[in-house]
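Novice: Fold the following and give me the result.
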Amino acid sequence: MISLNLPPFEIKIAERKGQKVVFDILRRRYVALKPEEWVRQHFINYLLNYKGYPAALLANEVTIEMGGVARRCDSVLYHQDGGRPRIIMEYKGPHVTITQAVFNQAAAYNSVLRADYLIVTNGLTHYCCMMDYANNSAAYLQDIPDFQELK
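Specialist: Sure, this is the predicted structure:
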């Protein structure tokens, strides 16, 4: 796997049934090591160890229902008070360019969850926007906010 624009960490990789797997600290199990998963594990490590996000409020592969069809958000950060979604994160492999279609996917999930922030990353380029539902708009941030900076 390629180097990302995220801090390196001691990632646990193994082989199961001839397939490379990586340990997901949030799901507490090994999952298939695909390019998107490589990005997810690095980004979650970044949030936990550099941005102060509590693991207890984060979840990977969150199932939601959209128009009668089950879909999965890559990661969600929840509010401490009541578990309302605070951030939706959408990951792509490093070879995938972040396009409007990727933002549309995150926005579609957000039409159900109504999170305060959306993050989209391919591990090389990261975008974060803060939602303003009162004005039906979004403000793009310069950086991923520290947990304590979230509004």
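
Novice: Excluding sequence neighbours, find me the nearest residue to the residue nearest the centre of the chain.
Specialist: Nearest residue to the geometric centre of the chain (C-alpha atoms, centre = their mean): residue 89, 2.9 Å. Using C-beta to C-beta, 6 or more residues apart in numbering and skipping residues adjacent in sequence, the residue nearest residue 89 is residue 75, 4.0 Å away. C-beta coordinates here come from the backbone N, C-alpha and C atoms, glycine included.

Novice: ok now do that neighbour, which residues does it touch?
Specialist: If a contact means C-beta atoms under 8 Å, 6 or more residues apart in numbering, then residue 75 has 26, 40, 43, 44, 58, 59, 60, 61, 62, 88, 89, 91 as its contacts.

Novice: helix/strand/coil for it?
Specialist: Assigned with DSSP: H, G, I helix; E, B strand; the rest coil, residue 75 falls in the strand class.

Novice: Return the distance of it relative to residue 67.
Specialist: Look at residue 75 and residue 67: by C-beta to C-beta, to the nearest Å, they are 22 Å apart.

Novice: Equivalent analysis for residue 44, please.
Specialist: Using C-beta to C-beta, we find residue 44 at a distance of 29 Å from residue 67.

Novice: tell me which residues form a beta bridge with residue 21?
Specialist: residue 14, residue 32 (DSSP bridges).

Novice: Same check on residue 72?
Specialist: Using DSSP bridges, the beta-bridge partners of residue 72 come out as residue 63.

Novice: Lovely, talk soon.
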